[in-house]
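**Student:** requesting a structural model of the entry that follows:
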Amino acid sequence: MKIKMTSVYVNDQDKALRFYTEVLGFAKKADFSQGRYRWLTVTSPEEPDGAELQLALNNNPAAEAYQQAIFQQGQPAAMFYTDDVRGDYERIKARGAEFTMPPTDVTASTIAMLDDTCGNLIQLVQLARYSR
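**Tutor:** I've put the predicted structure just below:
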């Protein structure tokens, strides 16, 4: 069994697509509409056939309430792993992203948190490397 798709709710799909591609550096994978419904996904350019992230419109009251609640609690809607959290922090910050937490060492990892401008907090994670 594999994880192939996961979703984050966004309050504006066009704005989210710009942020996730131009600021974070992901690549658009799918973008098609049927009536008012739009299926929009991005993926890592490092793994174009890997897991996709759906940028799902929060046009459902339950989705909007969930998105707002976890944001207000400071919980990330998604976590992205990196081998260089400090380098990614500098690159993404230079592209205009607002971080709510700079790279911070915590147990077994270094994390940073940013606002995706579409109603979510996103956490970047670099796992600590241990020598045995």
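**Student:** please count neighbours and contacts with C-alpha atoms only from this point.
**Tutor:** Fine.
**Student:** can you show me the helices along the chain?
**Tutor:** 13-18, 61-72, 85-94 (DSSP state H).
**Student:** buried ones in the longest one, by neighbour count?
**Tutor:** Pointing back at helix 61-72 there. Neighbour counts over helix 61-72 (16 or more other CA atoms under 10 Å) mark 63-64, 67, 71 as buried.
**Student:** and the last one, by the same measure?
**Tutor:** Counting neighbours by 16+ other CA under 10 Å, one finds that the buried residues in helix 85-94 are 85-86, 88-89, 92-93.
**Student:** do the same with the shortest one
**Tutor:** For helix 13-18, the neighbour count (16+ other CA under 10 Å) marks 13, 16-17 as buried.
**Student:** which residues touch that helix?
**Tutor:** Contacts to helix 13-18, defined as CA atoms under 8 Å, 6 or more residues apart in numbering, come from residues 10, 28, 40, 42, 55-57, 116-118.
**Student:** please apply the same query to stretch 103-115.
**Tutor:** Stretch 103-115 is contacted from outside by 76, 85-86, 89, 97-102, 121-128, using CA under 8 Å, 6+ apart.
**Student:** hmm, 10 Å instead?
**Tutor:** Stretch 103-115 is contacted by residues 71, 74-76, 79-82, 84-90, 92-93, 97-102, 120-130 when judged by CA atoms under 10 Å, 6 or more residues apart in numbering.
**Student:** what's the answer for stretch 31-41, then?
**Tutor:** So stretch 31-41 is contacted by 5-7, 13-14, 16-17, 20, 26-30, 42, 51-57 (CA under 10 Å, 6+ apart).
**Student:** can you rerun that using 8 Å?
**Tutor:** Under CA under 8 Å, 6+ apart, the answer for stretch 31-41 is 13, 28-30, 52-56.
**Student:** quick one: which of these is most hemmed in?
**Tutor:** residue 55 (25 neighbours; other CA atoms under 10 Å).
**Student:** thought it was touching residue 9?
**Tutor:** Yes. At 6.0 Å, residue 55 counts as touching residue 9 under the criterion of CA atoms under 8 Å.
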